[in-house]
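J.: Need the 3D shape of this:
(one chain, ligands or ions: 3)
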Amino acid sequence: MAVNLLLGLQWGDEGKGKIVDVLTKNYDIIARFQGGPNAGHTLEFDGIKHVLHTIPSGIFHDKAINLVGNGVVIDPVIFKKELDNLDTFNLDYKSKLLISRKAHLILPTHRILDAASEASKGKAKIGSTLKGIGPTYMDKTGRNGIRVGDLELSDWKKRYRSLANKHEAMIDFYDAKIEYDLTELESEFFKAIETLKSLTFIDSEEYLYQAQREGKKILAEGAQGSLLDIDFGTYPFVTSSNTTAAGACTGLGVAPNQIKEVFGIFKAYTTRVGSGPFPTELFDTDGETMGRVGHEFGATTGRARRCGWLDLVALKYAVQVNGVTQLMMMKGDVLSGFKTLKVCTAYNYQGKTITHLPYTIEPENVTPVYTEMKGWSEDLTKMNDKSQFPAALNDYIEFLEKELETPITIVSVGPDRTQTIHR
Ligand code: GDP
Ligand code: IMO
Ligand code: MG
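T.: Numbering: from 1, shown residues only. Ligands and ions are numbered 1, 2, ... in the order given. Coordinates of the predicted model:
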């Protein structure tokens, strides 16, 4: 039996949470494979909006098991808040939420280190969500991290203390002085650890292996987007994990030859939150309209997202790196009313026109080359079948399919579960 992947192809916030929720009815297991509470995945149904950070987006369904994989970093404090929120909806999550023993823990001092590092960078800051992601993955690859499975061992608090002490010395190293009260942070942290311990910890690679043998259907849920990948993104303005398809193999222990469909999600335009290059970014009323109509504010930090036209050079690159087999286009409804739509199909790069993503896409090196397309004025949000699509939307979709050599199988026309059209 195969594993399907779902991942974001841009700079995050493509609408992964919504589509995972829509697809969950077809799966037995939904498994997050990387990232941590830097993610904010929004789901909407029955008039209620939910934002998940660490918990997989299949949690609102009755049957599916939701697994937090080994590649994820967990902040127990944020995780507890997410669980408390589920409690307010009387959701019985205990029987269907499993945590990998090999997932790493974000400690309070990781968050402080993130803040100190960012503050010391001044203008060159990454624009991190300040959730401690970078420092936690640094401790993972530096072989110092504390994992969920360690909480079952007797000496983990000793290891915690020595790591936190080291972090405090590192925090002092930075010029930027961050005020914090570790005693208070630790009291909140240890309380949250007890909540985490009330859940089921598993050897998730073994669990998933057996599930595959039993013919269970598994959907791996990505976080962030391909252009934030630590290797293939716009480094250093990236996150600290592999957000691309390969990350699902290392983040879950799933073998590459078990992966079948790779669902790539993109917005009909582009957004980015945080710093870093963004060739098609708009600083005019068109960008302002996208932001306003699309409610482009970060689900985790509330920051305004930068907006711009669709960048096919970058999107093609993401389709390639991930081996995307099906595309899903989100937020087409936000583009209703634009007379003309622009799609970037090439870059002017150092005097040449290129169609691949070069090593650096800083604005001084890259100017986008646009193809103009006719817009549509119809409101898409009430549509429920592709036969209702205006001709200009069909032209837009078909143009993208041709350029990307991949079918667009879902078109999303609003934030609600029901506003999802299969093609
Ligand atoms: P994720 O991080 O990829 O899960 O995406 P986010 O939840 O951070 O951001 C996507 C935002 O767009 C959320 O506010 C969703 O409710 C909303 N959304 C998703 N799909 C659509 C759509 O097709 N149209 C509109 N207007 N909003 C959408
Ligand atoms: P979802 O899963 C959008 C961005 C941050 C920053 C950079 C590094 O909701 O799509 P980090 O906190 O990881 O050190 O931040 O990455 N970023 C995201 N942008 N969506 C996300 O997740 C993001 N997670 C991190 O804004 O630029
Ligand atoms: Mg998000």
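J.: all helices of the stretch 51-200 of the chain, in order?
T.: Counting by DSSP state H, counting those that start in this stretch, the stretch 51-200 of the chain forms helices over residues 76-88, 108-121, 133-141, 156-173, 182-197, given from the N-terminal end onward.
J.: Tell me the first helix or strand C-terminal of the last one.
T.: Next along the chain after helix 182-197, taking DSSP states H and E as the criterion, comes strand 200-202.
J.: so what pLDDT did T301 get?
T.: Note for T301: predicted pLDDT of 86.
J.: any idea how far G274 is from the nearest residue to H110 once chain neighbours are set aside?
T.: Excluding its sequence neighbours, the residue lying closest to H110 (C-beta to C-beta, 6 or more residues apart in numbering) is G132, at 3.4 Å. Using the backbone N, CA and C atoms, a C-beta is placed for each residue, glycine as well. For G132, the distance to G274 equals 15 Å [C-beta to C-beta, to the nearest Å].
J.: Please identify which of these two sits among more neighbours.
T.: Neighbour totals were compared for G132 and G274, and G132 leads with 27 against 21 (other C-beta atoms under 10 Å).
J.: wait, doesn't I397 sit right on P407?
T.: No. Applying C-beta atoms under 8 Å, one finds I397 not in contact with P407, separated by 9.7 Å.
J.: Return every residue with contacts to both of those two.
T.: Here I397 and P407 share the contacting residues R423, scored by C-beta atoms under 8 Å, 6 or more residues apart in numbering.
J.: Who has more neighbours out of these two?
T.: Neighbour tally, I397 and P407, criterion other C-beta under 10 Å: the higher count belongs to I397, 20 against 12.
J.: and the helix or strand containing A211, how far out from the chain's middle?
T.: Following DSSP H and E, the helix or strand that holds A211 is helix 204-213. Averaging C-alpha coordinates over helix 204-213 and over its chain gives two centres that are 24 Å apart (C-alpha atoms, centre = their mean, to the nearest Å).
J.: can I get the CA coordinates of that helix in PDB?
T.: Output for helix 204-213, consisting of C-alpha atoms alone and laid out as PDB, is shown next (Å, rounded to 0.1, in the frame of the first residue of the first chain):
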ATOM      1  CA  SER A 204       6.300   5.700  14.600                       C
ATOM      2  CA  GLU A 205       8.500   4.200  11.800                       C
ATOM      3  CA  GLU A 206       7.500   0.700  13.000                       C
ATOM      4  CA  TYR A 207       3.900   1.800  13.300                       C
ATOM      5  CA  LEU A 208       3.800   3.200   9.800                       C
ATOM      6  CA  TYR A 209       5.600   0.100   8.400                       C
ATOM      7  CA  GLN A 210       2.900  -2.200   9.900                       C
ATOM      8  CA  ALA A 211       0.100   0.100   8.800                       C
ATOM      9  CA  GLN A 212       1.400  -0.100   5.200                       C
ATOM     10  CA  ARG A 213       1.600  -3.900   5.400                       C
END
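J.: How about residues contacting it?
T.: Residues from elsewhere that reach helix 204-213 (C-beta under 8 Å, 6+ apart): 1-3, 28-29, 31, 67, 69-70, 98-102, 218, 252-254, 258.
J.: Tell me which of those fall in strands.
T.: By the criterion of DSSP state E, membership of the contacts of helix 204-213 in strands covers 3, 29, 31, 67, 98-100, 218.
J.: Enumerate the residues of the stretch 1-150 of the chain near ligand 1.
T.: 8, 12-18, 39-42, 44 (C-beta under 6 Å from any ligand atom).
J.: Next, find the distance separating the nearest residue to Y174 once chain neighbours are set aside from N38.
T.: With C-beta to C-beta, 6+ apart as the measure, A116 is the residue that lies nearest to Y174, at 4.0 Å, once sequence neighbours are left out. Computed as C-beta to C-beta, the A116 to N38 distance reads 17 Å.
J.: More neighbours: these two, which one.
T.: Summary of the neighbour comparison: A116 and N38, criterion other C-beta under 10 Å, with N38 having more neighbours (29 against 23).
J.: picking up where we left off before, save the helices of the stretch 51-200 of the chain as JSON lines, and put in mean pLDDT too.
T.: Formatted as JSON lines, the helices of the stretch 51-200 of the chain follow (pLDDT from 0 to 100):
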{"stretch": "helix 76-88", "mean pLDDT": "97"}
{"stretch": "helix 108-121", "mean pLDDT": "97"}
{"stretch": "helix 133-141", "mean pLDDT": "98"}
{"stretch": "helix 156-173", "mean pLDDT": "96"}
{"stretch": "helix 182-197", "mean pLDDT": "98"}
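J.: would CSV of the ones you listed with distance to ligand 3 be doable?
T.: What follows is the helices of the stretch 51-200 of the chain, written out as CSV (distance: least, C-beta to the ion, whole Å):
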stretch, distance to ligand 3
helix 76-88, 14
helix 108-121, 18
helix 133-141, 14
helix 156-173, 27
helix 182-197, 22
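J.: Between these, which one is closest to N242.
T.: Within the helices of the stretch 51-200 of the chain, the stretch nearest N242 is helix 133-141; the backing value is 10.2 Å (C-beta to C-beta).
J.: and that closest one with ligand 2, contact?
T.: Yes. Counting by C-beta under 6 Å from any ligand atom, contacts between helix 133-141 and ligand 2 involve 133-134.
J.: Let me know the angle separating that helix from helix 156-173.
T.: Orientation of helix 133-141 against helix 156-173 (axes from the mean of the first three to the mean of the last three C-alpha atoms, to 10 degrees) gives an angle of 130 degrees.
J.: other SSEs contacting helix 133-141?
T.: strand 73-74, strand 104-105, helix 108-121 (3 or more C-beta pairs under 8 Å, 6 or more residues apart in numbering; DSSP states H and E).
J.: contacting residues around that helix?
T.: When contacts are taken as C-beta under 8 Å, 6+ apart, the neighbours of helix 133-141 outside the stretch itself are 35-36, 38, 73, 104-107, 109-110, 113-114, 117, 126, 128, 145-146, 163, 167, 239-241.
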